[in-house]
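Enquirer: Can you look at this prediction? I've put the sequence above it.
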Amino acid sequence: MSNQPFQLAACAEMLWNDKPIEWRASRLHEMGFGVGLWNWPNHDLTKLEKTGATYTIMNGYLEGRLADDEGADMLLKSATETIVVGKRLGVHRLNLHGTGLGDGGIPIWQHERVSGSMWLKARDTLNRICDLAEKEGVVFTLENLNLLDHPGCPFGATEDVLALVSSINRPELRINLDLYHTQIDEGDLIRWCEKCLPWIGEVQVADNPGRCEPGTGEINYAGVAKGLYDMGYRGPVGMEAFAKGDDEAALEAFRSAFTLDV
């Protein structure tokens, strides 16, 4: 018997690039997927509201960083503004990184080595984020990023994200475990899922190389899906990937990879 135990979603900004964003959200909704978004100022929020789509995740900030005073204040201010938009759209999770990203995903604030004082500051900043989230009734996630595509990104490694989120251990902060990034930097995907499991807010997927849909690269996503199921994960899985060919075929390949015979 086929079973789809996960809540499937896809990033609207990476699909149907010739269509308006509200059309993409509507089509994903029609196909039974939740909708992930990136930067909300690029979009007409009224049109997005009218689609009836379920918005699963979006960037939880527009500027700021975790590990210095000025960056932390910028991050809290930006997150406060973004919460208003997230509530308007009913977004489930608001996503963070160690620092803001510029063109091509290049970190704005790059550090080859993260000092002990930066770790302490990052924990303080994330606790402030949790205080804000608790007050507003929202959830933030912290995403891992690979250092090949995002050189010098502080707290980008899967291990670092796990260390921060698990040490804070508050329900307002979860891990956005992006397995595309984990594959590039660390590999060993199922065991990383097991390590992160108590704190996972969302799993994101794309195949490697190419950052396209499951089945186009080296990752055995059917095996990953079975591993997630066997360890008891039943939460959201988002495809943050480009389509190698047809967009709808890419989405069906993603759906198939995360549909299990159990």
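Expert: Arrived safely, thanks for sending.

Enquirer: C-alpha from now on. contacts and neighbour counts both.
Expert: Noted.

Enquirer: can you pull out the helices in the stretch 101-250 of the chain?
Expert: Counting by DSSP state H, counting those that start in this stretch, the stretch 101-250 of the chain has helices at residues 116-136, 158-168, 179-185, 189-196, 221-230, 247-257.

Enquirer: what's the second one packed up against?
Expert: Secondary structure elements in contact with helix 158-168, counted by 3 or more C-alpha pairs under 8 Å, 6 or more residues apart in numbering; DSSP states H and E, are helix 116-136, strand 140-143, strand 173-178.

Enquirer: still on that earlier bit, for the helices of the stretch 101-250 of the chain, which one sits closest to residue 5?
Expert: Nearest to residue 5 among the helices of the stretch 101-250 of the chain is helix 221-230; the distance by C-alpha to C-alpha comes to 7.5 Å.

Enquirer: so how far is that closest one off the chain centroid?
Expert: How far helix 221-230 lies from its chain's middle: 19 Å, per C-alpha atoms, centre = their mean, to the nearest Å.

Enquirer: what about it, average pLDDT?
Expert: Average pLDDT, helix 221-230: 98.

Enquirer: Okay, buried residues for it please.
Expert: In terms of neighbour count (16 or more other C-alpha atoms under 10 Å), helix 221-230 has its buried residues at 221, 222, 224, 225, 226, 227, 228, 229.

Enquirer: same deal with stretch 22-31?
Expert: Buried, per 16+ other C-alpha under 10 Å, within stretch 22-31: 22, 24, 25, 26, 27, 28, 29.

Enquirer: quick one on the thing from earlier: buried deepest among the helices and strands packed on helix 158-168, which one?
Expert: Of these, the one with the most neighbours on average (mean count of other C-alpha atoms under 10 Å) is strand 173-178, at a mean of 28.

Enquirer: partners of that strand in the sheet?
Expert: strand 140-143 (parallel), strand 200-205 (parallel) (DSSP bridges).

Enquirer: how close does residue 217 get to residue 58?
Expert: Distance, residue 217 to residue 58, using C-alpha to C-alpha, to the nearest Å: 26 Å.

Enquirer: same thing with residue 239?
Expert: Counting by C-alpha to C-alpha - residue 239 and residue 58 are separated by 13 Å.

Enquirer: Out of the buried residues of stretch 22-31, which comes closest to residue 125?
Expert: Taking C-alpha to C-alpha as the measure, residue 125 lies nearest residue 25 of those, at 32.5 Å.

Enquirer: now residue 214, nearest residue through space, not along the chain?
Expert: residue 207 (5.2 Å; C-alpha to C-alpha, 6 or more residues apart in numbering).

Enquirer: Let me see the contact set for the residue nearest to residue 85 when sequence neighbours are not counted.
Expert: Leaving aside its chain neighbours, residue 85 sits nearest to residue 40 (7.8 Å; criterion: C-alpha to C-alpha, 6+ apart). The contact partners of residue 40, taken as C-alpha atoms under 8 Å, 6 or more residues apart in numbering, are 58, 59, 85.

Enquirer: mind listing which of those residues are in helices?
Expert: Per DSSP state H, helices hold the following members of the contacts of residue 40: residue 85.

Enquirer: top of the contacts of residue 40 by neighbour count?
Expert: residue 58 (24 neighbours; other C-alpha atoms under 10 Å).

Enquirer: TSV for the strands paired with strand 173-178, including distance to residue 165 and mean pLDDT?
Expert: Below are the strands paired with strand 173-178 laid out as TSV (distance: least, C-alpha to C-alpha, whole Å; pLDDT from 0 to 100):
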stretch	distance to residue 165	mean pLDDT
strand 140-143	8	98
strand 200-205	9	98
